[in-house]
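Structure for this input, please:
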Amino acid sequence: MATIILNRPDKHNALTGEMMEDFVSILNEMNNSSDVRVLLLTGAGEKSFCSGADLGGMSENNEQHILNYKAHVTKYKSCLLAIHQLKKPIIAAVNGYALAGGLGLAAVCDITFANERALFGAPEINVGLWGMMISAPLFQTIGSKKTYELFYTGKKVNALEAKEMGLVNAVYPDSELMGEVTQFARQLAKRNPTALTLGREAMQMIQGMDYEKSLNYLRDQVLILGETEDSKEGMTAFLEKREAIWNGR
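Sure thing, here's the model as predicted:
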């Protein structure tokens, strides 16, 4: 298990361009590491998971502002895409505010846990903007109706409301969040890594796919998975009543 911490607690872990570049680089490194089977994403400090993009450094010059903003949005897109294309499970531990781009990060992760203080929202409309980039993971996670509600109102919802929406899997007291998430991640890391990789990829692929086409695709993936060394080892270990030894193949 590897933990990635967004580390700007004094700025509510708002994302700078450099942070997003580092984030994508770290994800790619962890994705290619045979020693890492599960990723955990959280924010530093006690107030925020991530409050979105840090636009405070934008130039007042209109032309330069547009160029800076375009570069910032492009880097954020790379963050969402890097998570989407991971070969390994990624879990979010939301320990406070998850707003705007932070909401997108919480939504795009496979599993999202939150503490009781967590607040989720897309406040862009309050300053005349729209959460364009985060629409994609939110539509997939909570559907269009709830996404429109968050975007139109700009309101913040608490952890329990987010759980009812389907954005959060479980809510824990502040003092228990990281312990619960770590335990979950460690249990997940004991699973067949080949099954996790192929299974996650399959679930990503069938989104938006024609139903019959998705069934045909999934049938083929079952056959591919069944021929892997890890799957054969899993069945053998089950029959021999022992722990499986995974090799990632």
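
Which residues belonging to stretch 28-45 are considered buried?
Going by neighbour count (16 or more other CB atoms under 10 Å), the buried part of stretch 28-45 is 30-31, 37-43, 45. C-beta: built from backbone N, CA, C; applies to glycine.

so how far is the first residue of that stretch from its last?
Length of stretch 28-45, first residue to last, CA to CA, to the nearest Å: 25 Å.

can you give me how far it is from the chain middle?
11 Å (CA atoms, centre = their mean, to the nearest Å).

Quick check: beta-bridge partners of residue 93?
In this entry, residue 93 is beta-bridged to residue 42, residue 113, by DSSP bridges.

which residue packs closest to the residue positioned nearest the centre of the chain, ignoring adjacent ones?
Closest residue to the average C-alpha location of the chain: residue 109 at 1.8 Å, with CA atoms, centre = their mean. Counting by CB to CB, 6 or more residues apart in numbering, residue 92 is the residue found nearest to residue 109 once chain neighbours are left out, at 3.9 Å.

So which helix or strand of this protein has the lowest pLDDT on average?
Using mean pLDDT, DSSP states H and E, helix 62-84 stands out as the lowest-scoring helix or strand of the chain, at a mean of 83.

helices or strands up against that helix?
helix 17-31, helix 101-108, helix 135-153 (3 or more CB pairs under 8 Å, 6 or more residues apart in numbering; DSSP states H and E).

Select, out of those helices, the one closest to residue 232.
helix 17-31 (24.7 Å; CB to CB).

What is the neighbour count of residue 89?
23 (other CB atoms under 10 Å).

Residue 112 now?
29.

ok, it touching residue 89?
No: counting by CB atoms under 8 Å, residue 112 stays clear of residue 89, with 12.0 Å between them.

what sits against the residue nearest to residue 109?
40-42, 49, 105-106, 109, 111-113 (CB atoms under 8 Å, 6 or more residues apart in numbering).

mind checking how far it is from residue 241?
36 Å (CB to CB, to the nearest Å).

Now do the same for the nearest residue to residue 150 once chain neighbours are set aside: its pLDDT.
Distance criterion CB to CB, 6+ apart; nearest residue to residue 150, sequence neighbours excluded, is residue 122 at 4.7 Å. Looking at residue 122, its pLDDT is 97.
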